[in-house]
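Undergrad: Fold the following and give me the result.
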Amino acid sequence: MLSALRSVLPDTACFDRGLAIGGCDVSELAARYGTPLYLYCAATLRRSARDALAAFGPLGVRVSFAAKACALPGVMRIFADEGLGLDAVSAGEMEAGLRAAFPPDRIHLHGNVKSDQELEQAVRLGLHAVVLDNREEIVRLASIVARESVTVRVTLRLNLPLEARTHPHLQTTGARSKFGIPVGSEDEVAVGATLRAAPRLCLTGLHTHLGSQISDAELYETTVEEMRRQGVRYRDGGFPIEEITVGGGWAEAYAPGDERLPMGRVAAVIGAAIPGADFRWGVEPGRALVARAGIAVYRVGAVKRISGRRLVAVDGGMGDNPRPALYGARYTGFIVGKEDAAPEGPATVVGRYCESGDILVHDVALPAVQAGDLLAVPMSGAYQLSMASAYNLVPPPAAVLVDAGRAQLIRRRLTTQEILAADLLGNDAGPAG
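TA: Got it, this is the predicted structure:
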C-alpha cells in the first residue's frame with residue numbers, strides 16, 4: 001500500500017517511525033492541535049511553484065495562483081516568495097494576498113458578482129487588472145473610476161462555446177455556465193459598446209477558464225487557438241489587447257490510479273499553440289499547486305457494520321470537505337500507523353454531520369479499525385478549507401504548515417464561543433414575537 005500512496009502524498013511523507021510530513025510526526029501534531037487537522041507541506045508547495053515556473057516561464061506565460069483553491073496566507077506567502085501572481089475573487093482573498101506579501105500589481109480580481117466595495121478596493125490598491133464578467137459590473141466600475149479620476153486596466157472574461165469533459169458543476173464555459181460573456185451574443189455587443197463609452201476603463205486583456213479536473217490536453221490547444229482569434233477580433237475592434245489568460249483546471253489524481261494531466265503536458269500543448277509573440281499569455285492553476293501538499297487527519301469515533309457494510313465514522317466530514325457531497329469527489333484514506341497492515345475489506349468513511357450525504361471516502365480498503373485511530377486523507381490541500389463551514393456549529397479545523405521539522409500554526413481552530421459571537425441573535429436576543 002505504501003508504494004501506491006506515494007503518488008498522492010506530499011513530497012516529504014515518511015513512514016520510518018510512523019507517518020511524518022515535513023519532518024514532523026503526524027500523531028504528535030494531532031495530539032497537540034486536535035483533529036480534524038490539516039497539514040501543509042512547505043517543500044511540496046515550493047516544488048509545485050517552481051515546477052510551474054519551469055514549465056511555463058520559458059514560454060513567456062505568466063503563472064498566477066488561484067486563491068480560491070486555498071486562501072490561507074501562510075500557504076500563499078510561499079507562492080508570493082516564489083514569484084507567482086495571484087487570482088483573487090473577493091475582498092477577503094485580496095486581503096489574504098496582501099497579508100501573504102503579494103505586490104498589488106501581481107494581483108487581479110475575478111468574480112462574477114463583485115460589490116462596489118470590492119471594485120473600489122481594487123481601484124485603490126492599483127491591482128494588475130480587474131476581470132470583468134458582465135455589463136452591469138462595467139457600468140459600476142466606470143462610475144467609480146470616473147469619480148476617482150483614475151484609469152484602470154481591465155480584462156474581459158469570455159464564455160467560449162467549449163465544454164470540458166468533467167462534472168457539470170465543474171464546467172465554467174458553455175451554454176449552461178454562469179461565468180463570463182458568451183462569445184457572439186447580444187450581451188457581448190452591449191459590453192463592447194459600454195466599454196467604448198468608458199474611456200477610463202482600458203481593456204487590455206481577455207480571459208477564459210474551462211473548468212476543473214480536465215484531463216484532455218488537446219482542449220487547451222483548442223482554447224488557445226480560439227482565444228487568439230478573439231484577441232485579434234477585439235484588437236481589430238479598437239481595443240488594445242495585450243494579454244490573454246486561459247485559466248487552469250487540469251486534472252489531479254486524488255487516489256492511486258486516477259487519471260491526471262501533468263503540468264508539463266499542459267505547458268507543451270499551450271506552448272505549441274502560441275503563435276509567436278503577438279500576445280502575452282497567462283495561466284491560473286489552483287488545485288495543481290496545492291492539492292498534493294495538503295493532508296487531512298481525522299480521529300475515528302466509531303465503527304459500525306450495517307447490512308454487510310463497514311462504516312468508519314470520523315470527527316470531521318462535509319463541514320471541512322463538502323466536495324464529495326457537492327460533485328462526487330473521490331478520495332482515498334489510510335490508518336496512521338497501520339499503513340502496511342493487511343486490509344480487512346472495504347470500508348466507507350463517513351463524517352459527523354447530520355446529513356446522510358456526509359461521506360468522505362467510498363469503499364476504501366482499510367485494516368481493522370477502532371475508535372481512537374487516526375485516519376489520513378491525502379490530496380486535501382485544495383478547496384477543502386476554502387469551502388469549510390461551521391455547520392452544526394462545529395468549529396472548522398486548524399491548519400499547520402510543516403517544514404524541515406518545524407510546525408507553524410497558520411490557521412487556528414475557532415472556539416464555539418467565537419462562532420456564536422458572530423451570530424447577530426446572540427444571547428441578548430429575546431424570543432420572536
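
Undergrad: Show me what the longest helix anywhere in the chain packs onto, helices and strands only.
TA: The longest helix of the chain (DSSP state H) is helix 217-236. Secondary-structure packing of helix 217-236 (3 or more CB pairs under 8 Å, 6 or more residues apart in numbering; DSSP states H and E): strand 152-159, strand 201-207, strand 243-245, helix 263-273. Any C-beta I mention is one placed from the backbone N, CA and C, and that applies to glycine too.

Undergrad: average pLDDT across it?
TA: Averaged across helix 217-236, the pLDDT comes to 90.

Undergrad: Repeat that for stretch 264-276.
TA: Stretch 264-276 shows an average pLDDT of 86 in the prediction.

Undergrad: Check which residues of it are buried.
TA: Buried residues in stretch 264-276, counting neighbours by 16 or more other CB atoms under 10 Å, are found at 266-271, 273-274.

Undergrad: what comes into contact with it?
TA: Stretch 264-276 is contacted from outside by 51, 55-56, 59, 61, 217-218, 220-221, 224-225, 228, 246, 250, 281, 283, using CB atoms under 8 Å, 6 or more residues apart in numbering.

Undergrad: just for the stretch 201-350 of the chain, where's the confidence low?
TA: The stretch 201-350 of the chain contains residues with pLDDT under 70 at 211-212, 277.

Undergrad: 50 instead, please
TA: Across the stretch 201-350 of the chain, no stretch falls below the confidence threshold (pLDDT under 50).

Undergrad: Let's verify the nearest residue to Tyr254 once chain neighbours are set aside: helix, strand, or coil?
TA: Spatial nearest neighbour of Tyr254, chain neighbours left out: Met379 (4.6 Å); criterion: CB to CB, 6 or more residues apart in numbering. Following DSSP: H, G, I helix; E, B strand; the rest coil, Met379 is assigned to coil.

Undergrad: any idea how far Met379 lies from Val361?
TA: The gap separating Met379 from Val361 is 11 Å, by CB to CB, to the nearest Å.

Undergrad: rewinding a little: right, and the residue nearest to Tyr254 touches Arg292 too?
TA: Yes: applying CB atoms under 8 Å, one finds Met379 in contact with Arg292, separated by 6.0 Å.

Undergrad: Mutual contacts of the two, please.
TA: With CB under 8 Å, 6+ apart as the test, Met379 and Arg292 both reach 8, 252.

Undergrad: Next up, the contacts around Thr415.
TA: Counting by CB under 8 Å, 6+ apart, Thr415 has contacts Pro395.

Undergrad: Just the pLDDT at it, thanks.
TA: 89.

Undergrad: where does it fall, phi/psi-wise?
TA: Backbone torsions of Thr415, given as degrees, to the nearest 10, read phi -90, psi 160.

Undergrad: Give me the distance between it and Val394.
TA: For Thr415 relative to Val394 (CB to CB), the value is 11 Å.

Undergrad: before we move on, what about Gly333?
TA: The spacing between Gly333 and Val394, counted by CB to CB, is 20 Å.

Undergrad: same thing with Arg106?
TA: In terms of CB to CB, Arg106 sits 36 Å off from Val394.

Undergrad: of the two, who's got more company?
TA: Taking other CB atoms under 10 Å, Arg106 and Val394 do not tie; Val394 has more neighbours (20 against 17).

Undergrad: how close does the more buried one get to Gly316?
TA: Distance of Val394 to Gly316, given as CB to CB: 8 Å.

Undergrad: Please apply the same query to Pro256.
TA: 22 Å.

Undergrad: between those two, which one's more packed in?
TA: The residue with more neighbours, out of Pro256 and Gly316, is Gly316; 29 against 14, by other CB under 10 Å.

Undergrad: Which parts of this protein belong to which domain?
TA: Following automatic domain parsing, the chain resolves into domains at 2-34+293-421, 42-290.

Undergrad: which residue ends up closest to the midpoint of this protein in space?
TA: Among the residues of the chain, Ala69 comes closest to the average C-alpha position under CA atoms, centre = their mean, at 1.4 Å.

Undergrad: List phi and psi for that one.
TA: phi -70, psi -30.

Undergrad: Is it correct that Asp340 falls within a helix?
TA: No: with three-state DSSP as the criterion, Asp340 is coil rather than part of a helix.

Undergrad: what number of residues lie near the spatially closest residue to Leu289 that is not a sequence neighbour?
TA: In this structure, Leu289 finds its nearest non-sequential neighbour in Ser48, 4.7 Å apart by CB to CB, 6+ apart. Neighbours of Ser48 under the rule other CB under 10 Å: 25.

Undergrad: For Val290, see how far away Ser48 is.
TA: Counting by CB to CB - Ser48 and Val290 are separated by 7 Å.

Undergrad: And Phe56, by the same measure?
TA: Taken as CB to CB, the span from Phe56 to Val290 is 17 Å.

Undergrad: what about those two, which has more around it?
TA: Neighbour count, other CB under 10 Å: between Phe56 and Val290, Val290 has more, with 31 against 22.

Undergrad: for the closest residue in space to the more buried one that isn't next to it in sequence, phi and psi?
TA: The shortest distance from Val290 to any non-neighbouring residue, by CB to CB, 6+ apart, is to Gly381 (4.1 Å). Per-residue torsions, Gly381: phi -80, psi -20 (degrees, to the nearest 10).

Undergrad: burial measure for Gly381, as a count.
TA: Other residues close to Gly381 by other CB under 10 Å number 31.

Undergrad: isn't it right up against Tyr40?
TA: Yes: contact criterion CB under 8 Å: Gly381 and Tyr40 qualify, at 6.3 Å.

Undergrad: Now for the two: what residues contact both?
TA: 75, 290, 293-294.

Undergrad: Out of those, flag the one nearest to Asp11.
TA: Closest to Asp11 out of those is Ala293 (8.2 Å), distances taken as CB to CB.

Undergrad: returning to that earlier point: who's more crowded, Met379 and Val361?
TA: Neighbour count, other CB under 10 Å: between Met379 and Val361, Met379 has more, with 27 against 24.
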